[in-house]
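>>> based on what follows, work out the 3D shape:
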Amino acid sequence: MDEELNKLIESLPILDEGKELLIKKFDELHKKNVIIEFKYNRTLVDKAAITNILNASITEIEKQKQIIENSKNKLNQTLTEVHTQRNLIEEKNKELNKLLDDLRQTQQQLILAEKMASLGELTAGIAHEIQNPLNFVNNFSEVSSDLLDELLVNINSGNYEFVEQDVNDIKQNLIKIAHHGNRADSIVKAMLQHSRIGTGAREVTNINKLTDDYLKLAYHGFRSKDKSFNATLKTNYDKALPRLNIVPQDIGRVILNLISNAFYACTERSMKEEQKTTKGKSSETPYIPTVSVSTKNGSGKIEISVLDNGTSIPNKDLEKIFQPFYTTKPSGQGTGLGLSLSYDIVLAHGGELNVITKEGEGCEFIIRLPSA
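Next comes the predicted model:
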């Protein structure tokens, strides 16, 4: 407390105790005043700091607000672009769906064309195969006609001891006619089944008979296109093979395709061997085109093997041979669908189609179908 205030208190007409009390009170008030003044000054400093912070925050908020506004504009622009892109994508999807539909139609047409092409290959083979039973029917019909004339003569002459023999002979001939007629009927039905567009119903099928029928048809069909073609055919059918529940015309189409490819490979090698002979470079052992077809039952799978000693498939082509439209044949000699369709058919039956090839020795295709 300052001296003037002390002098003023000393001059007051009061007791010394009162003076001391006043001085003490004034000291306390002075201290409080100092504290209040300090707090006030500190508040002013804090206020300034807070003001600065608030101003900085407001500035930052304004910046963020501007950033948000810019982001919002960009987002709106992006949404507009996304909407535009979505419209473009929808249009492209419509175009792609149309192209997909067109592709499916084209694929169906190509599949049908492939089926018709293989049917064309079968035509000559079928004609050859059907001629045999028809010849038997004609021959037994002529013999039966002669026996009927003989029967009438014996009846009219009273030679009844020969009538029973004639009747039995005629009966046997009719049985043979029926047998060969059924054979011709089965060949025609096989051709009709092969020409179907859609997949037929599954039937319990004799695999050995199916394989052998298509081997004969394929051979005669191939020879009809190339009269000079000839090959040794070897067969080894497992007689204990169980019947399979399959679509016979589809599996028959696979067998036909594999055997026809084997004949083609043998033809190609024959031509190469002839060219070597012309150039004086022929091998010591003459080339004999050979196609071996076999069946066997093993480990829950029925195997159908088509082995040839023709031109082998190059290793670089092995991964591609089952792809649609891929072919090693010259342009115009293959659609590239045969093996692809065969692969899909076998796969649809729960089986697998594999190939083993040896350079310069030929190749083997193996169909494996589940036996159960």
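
>>> so I313, which state does it fall into?
Of the three states, I313 takes coil under DSSP: H, G, I helix; E, B strand; the rest coil.

>>> next, count neighbours for it.
21 (other Cβ atoms under 10 Å). All C-beta spots, glycine's among them, are computed from the backbone N, C-alpha and C.

>>> distance-wise, check it relative to I304.
Using Cβ to Cβ, to the nearest Å, we find I313 at a distance of 18 Å from I304.

>>> now do stretch 37-54, average pLDDT.
Mean pLDDT, stretch 37-54: 81.

>>> same check, this time on stretch 138-148
For stretch 138-148, the mean pLDDT works out to 79.

>>> buried set for that stretch?
140, 143-144, 147 (16 or more other Cβ atoms under 10 Å).

>>> where does the stretch 101-250 of the chain dip in pLDDT?
By pLDDT under 70, the low-scoring segments of the stretch 101-250 of the chain are 107-129, 160, 186-200.

>>> how far does stretch 219-231 stretch from start to finish?
Start and end residues of stretch 219-231 are separated by 9 Å (Cα to Cα, to the nearest Å).

>>> how far off centre is that stretch?
With Cα atoms, centre = their mean, to the nearest Å as the basis, stretch 219-231 stands 33 Å off its chain's centre.

>>> which residue packs closest to G300, ignoring adjacent ones?
Closest residue to G300 apart from its sequence neighbours, by Cβ to Cβ, 6 or more residues apart in numbering: S371 at 5.6 Å.

>>> still on that earlier bit, now, the buried residues of stretch 138-148 that are in helices?
140, 143-144, 147 (DSSP state H).

>>> so what strands line up beside the helix or strand that contains I366?
Secondary structure from DSSP states H and E places I366 in strand 362-370. Strand 362-370 pairs in its sheet with strand 301-308 (antiparallel), strand 352-358 (antiparallel), by DSSP bridges.

>>> all strands for this protein, in order.
203-205, 232-236, 244-246, 290-298, 301-308, 352-358, 362-370 (DSSP state E).

>>> can you list those strands in a markdown table and add mean neighbour count and distance to D185?
Listed next are those as a markdown table, based on neighbours: other Cβ atoms under 10 Å; distance: least, Cβ to Cβ, whole Å:
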| stretch | mean neighbour count | distance to D185 |
| --- | --- | --- |
| strand 203-205 | 13 | 16 |
| strand 232-236 | 12 | 24 |
| strand 244-246 | 18 | 21 |
| strand 290-298 | 17 | 25 |
| strand 301-308 | 21 | 25 |
| strand 352-358 | 15 | 31 |
| strand 362-370 | 20 | 27 |
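
>>> out of the ones you listed, which is closest to E60?
Of all the strands of the chain, it is strand 352-358 that lies closest to E60, at 69.7 Å by Cβ to Cβ.

>>> let's see the closest one as PDB, backbone CA atoms only.
Only the C-alpha atoms of strand 352-358 are listed here, as PDB (Å, rounded to 0.1, in the frame of the first residue of the first chain):
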ATOM      1  CA  GLU A 352     -13.700 -86.800 -71.000                       C
ATOM      2  CA  LEU A 353     -12.000 -86.700 -74.300                       C
ATOM      3  CA  ASN A 354      -8.200 -87.000 -74.400                       C
ATOM      4  CA  VAL A 355      -5.600 -87.200 -77.100                       C
ATOM      5  CA  ILE A 356      -2.200 -88.800 -77.200                       C
ATOM      6  CA  THR A 357       0.200 -87.900 -80.000                       C
ATOM      7  CA  LYS A 358       3.600 -89.000 -81.100                       C
END
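
>>> quick one: contacts of it?
254, 312-313, 315, 318, 321-322, 342-343, 346-347, 363-368 (Cβ atoms under 8 Å, 6 or more residues apart in numbering).

>>> check the offset of that strand from the chain's centre.
That offset, for strand 352-358, works out to 18 Å (Cα atoms, centre = their mean).

>>> tell me the mean pLDDT for that strand?
Rounded mean pLDDT across strand 352-358 is 91.

>>> same check, this time on stretch 262-275
For stretch 262-275, mean pLDDT rounds to 89.

>>> repeat for stretch 297-312
The model assigns stretch 297-312 a mean pLDDT of 90.

>>> centre of the chain to that stretch, how far?
With Cα atoms, centre = their mean, you get 22 Å for stretch 297-312.

>>> quick check: end-to-end length of that stretch?
Stretch 297-312 end-to-end distance (Cα to Cα) = 26 Å.

>>> what's the answer for stretch 150-167, then?
End to end - Cα to Cα - stretch 150-167 spans 10 Å.

>>> in it, what counts as buried?
150-151, 154, 163, 166.

>>> close enough to count as contact, E268 and T311?
Yes. Look at E268 against T311 with Cβ atoms under 8 Å: they come within range, at 4.6 Å.

>>> comparing the two, which residue is more hemmed in?
With neighbours defined as other Cβ under 10 Å, E268 and T311 compare such that T311 has more, 22 against 14.
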